[in-house]
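**Q** just the structure for this:
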Amino acid sequence: MMGSTPFWGNLKNEMVHHRPFATRTEAEAAIREYIEIFYNRQRRHSRLGYLAPAVFAQSYWRSAA
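**A** The predicted model follows:
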């Protein structure tokens, strides 16, 4: 059994509860965009020192160069 994760709560609070969707396809596209653009790239992550993944990667590659 998988435990509950903050991701699903964040998704519901930040995306699903704040807008109605006319179709399932519209909902899927909006959720996919949320995951790909915001959650994976821009949202700050505690495991990355509260940096967004893009910022973390940029600082990593600068220090490695």
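**Q** every contact and neighbour count from this point should use C-alpha atoms.
**A** OK.
**Q** quick check: buried residues in stretch 17-29?
**A** Ala27 (16 or more other Cα atoms under 10 Å).
**Q** residue contacts, Arg43?
**A** Residues near Arg43 by Cα atoms under 8 Å, 6 or more residues apart in numbering: 51-53.
**Q** can you give me the helices in the chain?
**A** 6-14, 24-33, 53-64 (DSSP state H).
**Q** what's in contact with the last one?
**A** So the one you mean is helix 53-64. The contact list for helix 53-64 (Cα under 8 Å, 6+ apart) reads 40-45, 48.
**Q** PyMOL command to pick out the buried ones of the residues you listed?
**A** Buried residues among the contacts of helix 53-64 (16+ other Cα under 10 Å), as a PyMOL selection:
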select buried, resi 41+44
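**Q** please narrow the contacts of helix 53-64 to those residing in strands.
**A** Among the contacts of helix 53-64, none falls in strands (DSSP state E).
**Q** sorry, back to before: reformat the helices of the chain as TSV; add mean pLDDT.
**A** Output for the helices of the chain, formatted as TSV (pLDDT from 0 to 100):
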stretch	mean pLDDT
helix 6-14	73
helix 24-33	89
helix 53-64	88
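**Q** mind listing residues that contact stretch 7-19?
**A** Against stretch 7-19 from outside (Cα under 8 Å, 6+ apart): 31, 34.
**Q** hey, C-alpha coordinates of it in PDB?
**A** What follows is stretch 7-19, C-alpha atoms only, in PDB (Å, rounded to 0.1, in the frame of the first residue of the first chain):
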ATOM      1  CA  PHE A   7       1.800  15.900  -4.200                       C
ATOM      2  CA  TRP A   8      -1.800  14.800  -4.500                       C
ATOM      3  CA  GLY A   9      -2.900  17.300  -1.800                       C
ATOM      4  CA  ASN A  10      -1.000  20.100  -3.600                       C
ATOM      5  CA  LEU A  11      -2.500  19.200  -6.900                       C
ATOM      6  CA  LYS A  12      -6.000  19.300  -5.500                       C
ATOM      7  CA  ASN A  13      -5.500  22.500  -3.600                       C
ATOM      8  CA  GLU A  14      -3.600  24.400  -6.300                       C
ATOM      9  CA  MET A  15      -5.300  23.100  -9.400                       C
ATOM     10  CA  VAL A  16      -8.400  21.000  -9.200                       C
ATOM     11  CA  HIS A  17     -10.500  22.800  -6.600                       C
ATOM     12  CA  HIS A  18     -10.000  26.200  -8.100                       C
ATOM     13  CA  ARG A  19     -11.400  25.700 -11.600                       C
END
